[in-house]
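Trainee: Any chance you can model this:
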Amino acid sequence: MKTSVKRLLLFLALLTLVIAYRIYVLIQFGFKYTDQDQAVLWEGVRDFSSGIFHETRYYGQGYNTMLEALLATPLYLAGIPVYQALPVVTTLLALIPFIIPASLACFRKQHSTGHLILLLALAFPADYDLITTLSRGFITGIALASVSFIWIDKKTPVAYYLFALFIVLGFTVNPNSIILSGPLALYFWLKNSKQIQLYFYGSAGLLTGWLIHSLLNSFYTQYPNYELHRPSGEFAWSYFTDGIEHFDLFFDGLIPLYLHWSWLALLLPVFFAIYFFRTGKRAEGYTCIIIPFVLLLPLFNSRLHNASDTIFYSYSRMFLAFPVLLVALLYFLPFKKINPLFYLPFLGAFVFKLTVFQENLDKRLNESTYILVRPVEDVLKKCQDLKKLAEKHHAELILITDFGYILHNYACAACTDNFPNTLYPTFERRTWRLIDDKDKIYPSVLIIDSERKLDEKEGLLRLEEDPRFFLIPHNTTPTYDLMIELDIYPRGF
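Mentor: Numbering: from 1, shown residues only. Prediction:
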């Protein structure tokens, strides 16, 4: 058998292993658990499948997007449940930054580089795999920015335009992509700085991307009441020093081979830079030099410190592009042939990850977090129970103030047919729901509350199914006025 055929078969075998492992993660985690933010995307899929587009970005905020929900819509329409369609799409997006460079390396006959990139995809700690399975918009911008790999070695007007366009698209979808796009843009410019066409067509790509970015943001300029969450964050030296002191929180879960030495995030690019400069690869060397600065500068921002040591709102979510930076550095290396023994540490780390996967997952699921996490099976059952209860009492609105049901506020309508309308007034992301129901009178209203003494209110009945469940069987008051009467004060809209 020819050597080239053997290398191609090895590439396909590794690619199959990467995909099989991510399917395993989906089965063990992605399909089994969800949280309150993923539930918002469940609702997005349902809306998009009906041709309804309420906002240009993630419901209730002027940043991030519903891209995962949009891409999952065809799967949902094909009969795949929303709680499976979304994690599948997110997983595919997470694999794009590895599959594209690995495939390109093989096409240019650098099979060993392609093999190493796929092995690297297997060698990151399980936390990285779990985080990049969550449908929360964490990986979408990085996936778009990584598409620019397709044109990184090309010197054509189309390449200049599309490279610049996808760099900006990645940023507008999620700014965490700048960790990747910044160094890639520098490399691309250094390689093409003498090409006059770069400045014309590259500027056209940047302008197109910026117009899309501005169009998405213009909705919230015109309708500021839709923005429950606004982009926030202040810069201060104290945040930086705190980030340095707790550097492991940001990077430990992103270092391959389970080395658990977070400072390698800064040292590895330096080692690569030394190699590139010694071999005359100046563009690659300068690209490596800026990487430590790109990783350190975000630590000045308070927003990065608004996190917890849990996969559901991880400190590392803002640095998820770092593994793809390592992919880029491998892509730049001129490997021709590698001793197969060099593959063993990557395979060893992967085997170790498999052996401790369930133990690590159980530990992560049991960690306390202010993100509400529930097994999908429990959510589906609870939604069915709520639907039956609402039908029993002819309730067409479920008014929710109990945080334990914030997830169901968004999830139930997406996974349960003919589910009644819901509202979570104090923290409702769906501004249009507050507007639509403001003056609407629902004859029968189900209320889920654990903070107020609603049984002391006239006309309310406490239901026997749950002490938090109350019913207004003969309501004649518009929804907004009803909420005020019950001391439930909705967010401004």
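
Trainee: Just give the number of residues close to L207.
Mentor: 14 (other CB atoms under 10 Å). In short, each C-beta sits where N, CA and C put it, glycine included.

Trainee: next one: S193
Mentor: Neighbour count for S193, taken as other CB under 10 Å: 10.

Trainee: Would you mind listing where the stretch 351-493 of the chain has pLDDT under the threshold?
Mentor: Low-confidence segments of the stretch 351-493 of the chain, defined by pLDDT under 70: none present.

Trainee: For it, which segments count as helices?
Mentor: Residue ranges of the helices in the stretch 351-493 of the chain, as given by DSSP state H, counting those that start in this stretch, are 376-392, 406-415, 431-437, 479-485.

Trainee: Highest mean neighbour count out of the ones you listed?
Mentor: Per residue and on average, the most neighbours among those fall to helix 406-415, with a mean of 24 (mean count of other CB atoms under 10 Å).

Trainee: Which strands and helices lie in contact with that helix?
Mentor: Judged by 3 or more CB pairs under 8 Å, 6 or more residues apart in numbering; DSSP states H and E, helix 406-415 is in contact with strand 33-35, helix 36-49, helix 82-107, helix 376-392, strand 397-400, strand 421-423.

Trainee: Let me see the contact set for K281.
Mentor: F332 (CB atoms under 8 Å, 6 or more residues apart in numbering).

Trainee: what domains does the record give for this protein?
Mentor: 3-365, 375-485 (automatic domain parsing).

Trainee: Export the ones you listed to CSV and append columns for distance to G492.
Mentor: Formatted as CSV, the entries for the domains of the chain read as follows, by distance: least, CB to CB, whole Å:
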stretch, distance to G492
domain 3-365, 7
domain 375-485, 9
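
Trainee: before we move on, the earlier item: can you tell which of the helices and strands packed on helix 406-415 is closest to L257?
Mentor: L257 lies closest, by CB to CB, to one member of those: helix 82-107, at 15.9 Å.

Trainee: rewinding a little: which stretch among the helices and strands packed on helix 406-415 approaches P443 most closely?
Mentor: Here strand 397-400 is closest among the helices and strands packed on helix 406-415 (CB to CB), at 9.5 Å.

Trainee: Take the closest one, keep the C-alpha atoms, and write them as PDB.
Mentor: Taking Å, rounded to 0.1, in the frame of the first residue of the first chain, the C-alpha atoms of strand 397-400 are listed here in PDB:
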ATOM      1  CA  LEU A 397     -51.200  31.600  31.300                       C
ATOM      2  CA  ILE A 398     -48.600  30.400  33.800                       C
ATOM      3  CA  LEU A 399     -47.100  33.200  35.800                       C
ATOM      4  CA  ILE A 400     -43.700  32.200  37.200                       C
END
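
Trainee: Check the offset of it from the chain's centre.
Mentor: 29 Å (CA atoms, centre = their mean, to the nearest Å).

Trainee: and that strand, which strands flank it?
Mentor: strand 421-423 (parallel), strand 445-448 (parallel) (DSSP bridges).

Trainee: how about CSV for these, with distance to F188 added?
Mentor: As requested, the strands paired with strand 397-400 are exported to CSV (distance: least, CB to CB, whole Å):
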stretch, distance to F188
strand 421-423, 47
strand 445-448, 53
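
Trainee: so of those, which one's packed in deepest?
Mentor: Mean neighbour counts for the strands paired with strand 397-400 (mean count of other CB under 10 Å) peak at strand 445-448, with a mean of 25.

Trainee: And that one, how far out from the chain middle?
Mentor: 32 Å.

Trainee: how about the helices and strands packed on helix 406-415 in CSV, adding distance to L211?
Mentor: Formatted as CSV, the helices and strands packed on helix 406-415 follow (distance: least, CB to CB, whole Å):
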stretch, distance to L211
strand 33-35, 34
helix 36-49, 23
helix 82-107, 23
helix 376-392, 39
strand 397-400, 39
strand 421-423, 36
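
Trainee: Figure out which of the ones you listed is closest to L118.
Mentor: Going by CB to CB, the one of those nearest L118 is helix 82-107, 5.2 Å.

Trainee: picking that back up, out of the helices and strands packed on helix 406-415, which gets nearest to Y286?
Mentor: Per CB to CB, nearest to Y286 of those: helix 82-107, 19.6 Å.

Trainee: elements contacting the helix or strand just after the closest one?
Mentor: Scanning forward in sequence from helix 82-107 by DSSP states H and E, the next helix or strand is helix 111-123. Packed against helix 111-123, as judged by 3+ CB pairs under 8 Å, 6+ apart, are the following elements: helix 3-25, helix 82-107, helix 322-332, helix 344-365.

Trainee: Pull the residues that contact helix 111-123.
Mentor: With CB under 8 Å, 6+ apart, helix 111-123 has contacts from 4, 7-8, 10-11, 14-15, 17-18, 21, 95, 98, 101-106, 256-257, 323, 326-327, 330-331, 333, 335-338, 343, 345-347, 349-350, 353.

Trainee: do you know how far I99 is from L92?
Mentor: Distance, I99 to L92, by CB to CB, to the nearest Å: 9 Å.

Trainee: Between the two, which is the more surrounded one?
Mentor: Between I99 and L92, counted using other CB under 10 Å, the more crowded position is I99 (19 against 16).

Trainee: now that one: how far from V324?
Mentor: 11 Å.

Trainee: what does F11 give?
Mentor: 19 Å.

Trainee: which of those two has more neighbours?
Mentor: For F11 and V324, the more surrounded residue by other CB under 10 Å is V324, and the numbers stand at 28 against 20.

Trainee: Look at the closest residue to that one other than its chain neighbours and say how many residues are nearby.
Mentor: Sequence neighbours aside, P97 is the residue nearest to V324 in space, at 4.2 Å (criterion: CB to CB, 6 or more residues apart in numbering). Close neighbours of P97, defined as other CB under 10 Å, add up to 29.

Trainee: Need the pLDDT of P97.
Mentor: pLDDT, P97: 98.
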